[in-house]
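Trainee: Sharing a sequence plus its predicted fold:
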Amino acid sequence: MKITGKQIKDYIYIIIGTAITGVGIALFFTPGKIVSGGVNGIATICYHLMGWDTGLVILLISVPLFIVGVIIFGPMYGVKCLVGTLLLSGFTSFFGRITGYAGLLPYTDRMDTLLSALFGGIIYGSGIGIVMRSGANTGGTDIVAQIISRYTPLPVGTSLLMVDGFVIVLGGIAFGFERALFGIIGMYVSSQMVNFVVMQFGTKQAKTAYIVSEKYREIGVRIINELHHGATEIKGTGIFTGQERSMLLAVIPNQQITRLMTIVHEEDPGAFVFVHETYYALGKGFVRIDKVLGALDNEIKPTGGKPASR
């Protein structure tokens with residue numbers, strides 16, 4: 001079977017993402033006793049109470065859950081997800097053992113724990129987001145949440161919140177109420193970073209410009225000839241004048257927006273223009289749609305908007 005460039009890129013994402021996630025767990029969450037939900041939270045509890053290696057616990061819990069997921073949900077838990085699970089376990093153990101799970105902070109006061117929750121969440125969430133951009137995930141307690149959702153009226157997002165909440169409660173019992181609060185902080189920060197990396201990293205590379213001008217045709221021709229992008233004519237009626245007017249809509253890369261303003265000014269100094277950030281610019285002249293479909297499907301479908309990896 002021929003391996004495509006996209007498949008190679010996806011697996012590079014998985015390797016890099018799981019390595020970063022392992023750093024977050026081994027160097028921040030585990031030494032700081034940050035139980036932020038999911039399998040890594042359970043593994044952190046087991047490490048401190050029973051001395052079990054965090055990465056090994058992640059493996060022992062995640063693989064059976066993965067098998068159950070395959071049995072119940074079928075091929076949606078494919079090879080890439082299994083690879084993500086195995087690599088996360090391996091990288092967590094690797095970084096944990098070379099540092100003795102001592103972390104990078106002295107943990108002499110609450111500030112060290114807070115920093116672990118914040119930076120651990122940033123690193124952990126960034127890694128998970130990179131993995132998800134490949135269309136994969138690292139399994140974990142998300143599978144439990146999906147099973148609950150399948151056999152109960154609860155939506156997946158609510159089920160995932162319940163599962164993570166239960167793990168955080170276990171962390172509170174094991175390490176105290178204060179640690180549970182730090183765990184909530186870690187969970188929130190990591191969730192935001194997942195969303196940021198999946199939905200924004202590599203996006204916001206364009207602006208959408210709306211141009212109201214009598215010279216809209218001339219401006220449109222120059223956009224095509226000089227910027228090599230298209231524009232759309234939109235018919236409208238001015239509320240104040242009651243006259244029908246045409247407006248141009250153009251999606252332009254960030255680096256060309258100044259040139260666009262110059263073109264508009266040269267053609268019609270009295271034109272009205274407003275510009276706003278473009279969340280995604282996909283298709284001809286921008287990022288191919290299939291480049292983001294895997295990550296978006298993984299973000300939306302498995303967990304109903306929650307991070308699809310724990």
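Mentor: Looks like it came in fine.

Trainee: does Lys33 count as helix, strand or coil?
Mentor: coil (DSSP: H, G, I helix; E, B strand; the rest coil).

Trainee: surely it meets Glu178?
Mentor: No. Lys33 sits out of contact with Glu178 when judged by CB atoms under 8 Å, with a separation of 9.9 Å. Just so you know, the C-beta spots here come from the backbone N, C-alpha and C atoms, and that holds for glycine as well.

Trainee: More neighbours: which of the two?
Mentor: Each of Lys33 and Glu178 has its neighbours counted (other CB atoms under 10 Å); Lys33 has more, 22 against 12.

Trainee: Show the contacting residues for that one.
Mentor: Residues near Lys33 by CB atoms under 8 Å, 6 or more residues apart in numbering: Thr44, His48, Thr113, Gly171, Phe175, Arg179, Phe182.

Trainee: Just give the nearest non-adjacent residue to the first one, would you?
Mentor: Read that as Thr44. Leaving aside its sequence neighbours, Thr44 sits nearest to Thr30 (CB to CB, 6 or more residues apart in numbering; 4.9 Å).

Trainee: Settle this for me: the one you found is touching Thr54, isn't it.
Mentor: Yes. In terms of CB under 8 Å, Thr30 counts as a neighbour of Thr54; the distance is 5.0 Å.

Trainee: what touches both of these two?
Mentor: Ala43, Thr44, Tyr47, Gly96, Tyr101.

Trainee: number of nearby residues for the last one?
Mentor: A count of neighbours around Tyr101, defined by other CB under 10 Å, yields 21.

Trainee: hang on, the earlier thing: from the shared contacts of Thr30 and Thr54, pick the one nearest His276.
Mentor: Thr44 (42.5 Å; CB to CB).

Trainee: The closest one contacts Thr54, doesn't it?
Mentor: Yes. With contact defined as CB under 8 Å, Thr44 counts as touching Thr54 (6.3 Å).

Trainee: any common contacting residues for these two?
Mentor: Between them, Thr44 and Thr54 share these contacting residues under CB under 8 Å, 6+ apart: Ile25, Thr30.

Trainee: what about the nearest residue to His265 once chain neighbours are set aside, distance to Cys46?
Mentor: With sequence-adjacent residues excluded and distances taken as CB to CB, 6+ apart, His265 is closest to Ala271, at 7.6 Å. Counting by CB to CB, to the nearest Å, the gap from Ala271 to Cys46 is 65 Å.
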